[in-house]
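K.L.:
no FASTA, just this:
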């Protein structure tokens, strides 16, 4: 049994307690800050760094699906780690106290860092020569400076790296091309580099910024799925009001139903990667894989279906609650199995598997190889934006559906509210998002049908930017 901590001694004015509390609060905030900095360094870079490790040189005919499998299992391992944190670590904190609950993750993180540094000599570590964000700013600044210049007639008037990349910028987002126009011989040094990078950029720099700008509309289509996935509080209220018993002596905790999404995601990735693709390849007699952009669209569609199903389940649950006389009793138990919630949760997991893994691979293949870390960070950025937009949508629905004598759709009384309408509103927004996705695909044009092996082997040739 862990002894309880004694409160700090206080003087009559209570200043000692106040000072101790402030110190503890500052220490807690500082620890959160360190965790945020650490996560910000690990999450965007670990995926790209891990993909670089597959570039061992030579040719292997079985490498054509290795990157897709790596993305899938990397994301799955992240989900499994969250699952362990929400079950095992929480159990330790609840049973053995906060010291053990925080101590175990600290020990595991120490071992992880130790193993990382011990294996460091065996890693493939591309050299870093410049900062890609500074490069973006340079392109914008130089393009503004040169906005009055005319486009040259000769390709030699564009500045590019010697012996690498395109020598002429593409016509898309053409106004940025003025950043790489050579105005005179004084702009270029004898070794071929720019005399002043704030007066002249390379074609490669311009194309990198273009690639990021072109990807942004398709990136924005993934925000809606994250909004749907962030609706965790409503399924919790639903589960609390439904029969959660598997047996007479055991019932599933209401907060544990979110695990079905993670379980479905993990199972689906395994079936897709180890069963469906090999079977389809065997039937076709050639390697079969869905392009990342196709999987992104499928994920949006399944997410829409998930919201529709969630609304149907809630509609049935609410009607039964009213029939059982529980309209004014939001804590009453409805004679309906909570296992019905497994269906929308599982659909959410499958949608996440298609969309998140597909979009990460899409960014990684479409963006230049020098921006691989940015590609892996875009998914996390979308989730952050989605969390903010989800609050905006929820507040708007609560404000405009509540009136005199009328309960809000998202009322605290789940039986008086209309959560099904809210789910169907999200389904409608997701359907509109799917149409927007199709329009973005049409505007984007053909996505790169890149050979995976070739793409990975390119990573070490020109990974010279620090995101």
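P.N.:
In hand now; what should we look at? Please read these numbers as outputs of a predicted model, since none were measured by experiment.

K.L.:
C-alpha only now, for contacts and for neighbours.
P.N.:
Fine.

K.L.:
in this protein, which helix has the most residues?
P.N.:
Criterion DSSP state H: the longest helix present in the chain is helix 15-52.

K.L.:
in the stretch 101-250 of the chain, which spans are strands?
P.N.:
For the stretch 101-250 of the chain, the strands defined by DSSP state E, counting those that start in this stretch cover 130-131, 242-243, 245-247, 250-251.

K.L.:
make that the stretch 301-450 of the chain, sorry
P.N.:
Using DSSP E, counting those that start in this stretch, strands in the stretch 301-450 of the chain cover 334-337.

K.L.:
quick revisit: got the buried residues for the longest helix of the chain?
P.N.:
Neighbour counts using 16 or more other CA atoms under 10 Å place 44-45, 47-52 of helix 15-52 among the buried residues.

K.L.:
do the same with stretch 116-127
P.N.:
residue 124.

K.L.:
just to revisit the earlier point, quick one: list the elements packing against the longest helix of the chain.
P.N.:
helix 66-84, helix 372-400, helix 452-462 (3 or more CA pairs under 8 Å, 6 or more residues apart in numbering; DSSP states H and E).

K.L.:
which one of the ones you listed has the lowest average pLDDT?
P.N.:
Mean pLDDT per stretch puts helix 452-462 lowest among the helices and strands packed on helix 15-52, at a mean of 40.

K.L.:
what's the closest non-adjacent residue to residue 362?
P.N.:
residue 292 (5.3 Å; CA to CA, 6 or more residues apart in numbering).

K.L.:
look up how far residue 441 lies from that neighbour.
P.N.:
The spacing between residue 292 and residue 441, counted by CA to CA, to the nearest Å, is 12 Å.

K.L.:
which one's more surrounded, the two?
P.N.:
Neighbour count, other CA atoms under 10 Å: between residue 292 and residue 441, residue 292 has more, with 24 against 18.

K.L.:
next, work out how far apart that one and residue 267 are.
P.N.:
Residue 292 is 19 Å from residue 267, by CA to CA.

K.L.:
please apply the same query to residue 331.
P.N.:
Residue 331 is 34 Å from residue 267, by CA to CA.

K.L.:
and residue 353, by the same measure?
P.N.:
Taking CA to CA, one finds residue 353 at 10 Å from residue 267.

K.L.:
can you check residue 52 too?
P.N.:
In terms of CA to CA, residue 52 sits 26 Å off from residue 267.

K.L.:
let me see the contact set for the residue nearest the centre of the chain.
P.N.:
Central residue of the chain (CA atoms, centre = their mean): residue 379, 2.9 Å from the mean position. Neighbouring residues of residue 379 by CA atoms under 8 Å, 6 or more residues apart in numbering: 356, 359-360.

K.L.:
could you rerun that using 6 Å?
P.N.:
For residue 379, no residue meets the contact criterion (CA atoms under 6 Å, 6 or more residues apart in numbering).

K.L.:
residues near residue 277, how many?
P.N.:
Residue 277 has 17 nearby residues by other CA under 10 Å.

K.L.:
need the contact partners of the strand or helix carrying it.
P.N.:
Under the criterion of DSSP states H and E, residue 277 resides in helix 277-284. If you take CA under 6 Å, 6+ apart as the criterion, helix 277-284 is touched by 287-288.

K.L.:
can you rerun that using 8 Å?
P.N.:
Contacts of helix 277-284 (CA under 8 Å, 6+ apart): 287-289.

K.L.:
and if you look at stretch 180-197?
P.N.:
So stretch 180-197 is contacted by 138, 151-152, 157-162, 199-203, 206 (CA under 8 Å, 6+ apart).

K.L.:
now residue 80: how far from residue 267?
P.N.:
11 Å.

K.L.:
residue 349 too?
P.N.:
9 Å.

K.L.:
specify which residue of the two has the higher count of neighbours.
P.N.:
residue 349 (29 against 15).

K.L.:
how about the contacts made by the more buried one?
P.N.:
260-265.

K.L.:
wait, which of these is closest to residue 27?
P.N.:
residue 262 (32.9 Å; CA to CA).

K.L.:
burial of that closest one, as a residue count?
P.N.:
24.

K.L.:
helix or strand for it, which one?
P.N.:
Assigned by DSSP H and E, residue 262 falls in helix 259-271.

K.L.:
remind me what that helix packs against, helices and strands.
P.N.:
helix 66-84, helix 342-366.

K.L.:
domain map for the protein?
P.N.:
Segmentation of the chain into domains, based on automatic domain parsing, reads 132-212, 221-446.

K.L.:
closest one to residue 118 among those domains?
P.N.:
Per CA to CA, nearest to residue 118 of those: domain 221-446, 23.0 Å.

K.L.:
start and end of the closest one, how far apart?
P.N.:
With CA to CA as the measure, the ends of domain 221-446 fall 17 Å from one another.

K.L.:
any weak-confidence spans in the stretch 1-150 of the chain?
P.N.:
Within the stretch 1-150 of the chain, the segments meeting pLDDT under 70 span 1-20, 54-65, 67-68, 86, 94, 126-130.

K.L.:
can you rerun that using 50?
P.N.:
The stretch 1-150 of the chain contains residues with pLDDT under 50 at 1-7, 64.

K.L.:
can you check the stretch 201-350 of the chain too?
P.N.:
Ranges of the stretch 201-350 of the chain meeting pLDDT under 50: none found.

K.L.:
what sits closest to residue 431 if chain neighbours are left out?
P.N.:
Using CA to CA, 6+ apart and skipping the chain neighbours, the partner closest in space to residue 431 is residue 304 (6.2 Å).
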